[in-house]
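Chemist: Predicted model and sequence follow; I will ask about them next.
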Amino acid sequence: MKPSNIKPISFLKANASEMLRDLDQNGHPIVITQNGVAKAVMQDVRSYEKTQETLALLKLLALGSQQIEREEIEASSEVISKLRNRLNDR
C-alpha cells in the first residue's frame, strides 16, 4: 500500500470531505491509523460492493467444491427432468 493511502485518524477528522472526494475519484482504499497502528480501512461504495459480490461468488464456489467432494451432485439431465416434472405437476 502506498504511504499516501495511509492516514492518521487526526487527518481523517480534519479532512473527511477531502478524503471522501479522493475515494470517489480514485477508488483506492485508505488505511486509517491510530497511534501509528492500522485500525480501519475506508473504501468507496462501488469498491465495497464489488468486494462483497466477489466474496459471495467465492463462497458459492467453495460450497460447490464441498458438495463435489461429498459426492452430493446430480447429473444435469436428472435435474432438468425433475424440474420438468415439477412444472407438469402444477
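Modeler: Noted; the coordinates are in hand.

Chemist: right, and the helix or strand after the longest helix seen in the chain?
Modeler: Counting by DSSP state H, the longest helix found in the chain is helix 45-69. The first helix or strand that comes after helix 45-69 along the chain, using DSSP states H and E, is helix 76-89.

Chemist: Can you list the helices and strands that that following helix packs against?
Modeler: Here helix 76-89 touches no other helix or strand, going by 3 or more C-beta pairs under 8 Å, 6 or more residues apart in numbering; DSSP states H and E. Any C-beta I mention is one placed from the backbone N, CA and C, and that applies to glycine too.

Chemist: and the worst-scoring helix or strand of the chain on mean pLDDT, how far from the chain's centre?
Modeler: Every helix and strand in the chain was compared by mean pLDDT, DSSP states H and E; the lowest is helix 76-89, with a mean of 91. When C-alpha coordinates are averaged (C-alpha atoms, centre = their mean, to the nearest Å), helix 76-89 and its chain have centres 34 Å apart.

Chemist: what's the answer for stretch 40-57, then?
Modeler: That offset, for stretch 40-57, works out to 4 Å (C-alpha atoms, centre = their mean).

Chemist: Please apply the same query to stretch 69-83.
Modeler: Relative to the chain's own centre, stretch 69-83 is displaced by 29 Å; criterion: C-alpha atoms, centre = their mean.

Chemist: And for residue 47, the neighbour number?
Modeler: Counted with other C-beta atoms under 10 Å, the neighbours of residue 47 add up to 13.

Chemist: That one contacts residue 24, doesn't it?
Modeler: No. Using C-beta atoms under 8 Å, residue 47 is not in contact with residue 24, being 10.3 Å away.

Chemist: what's in contact with the longest helix of the chain?
Modeler: Contact with helix 45-69 is made by 27, 29, 43, 73, as judged by C-beta atoms under 8 Å, 6 or more residues apart in numbering.

Chemist: and with 10 Å instead?
Modeler: 23, 24, 27, 28, 29, 41, 42, 43, 44, 72, 73, 74 (C-beta atoms under 10 Å, 6 or more residues apart in numbering).
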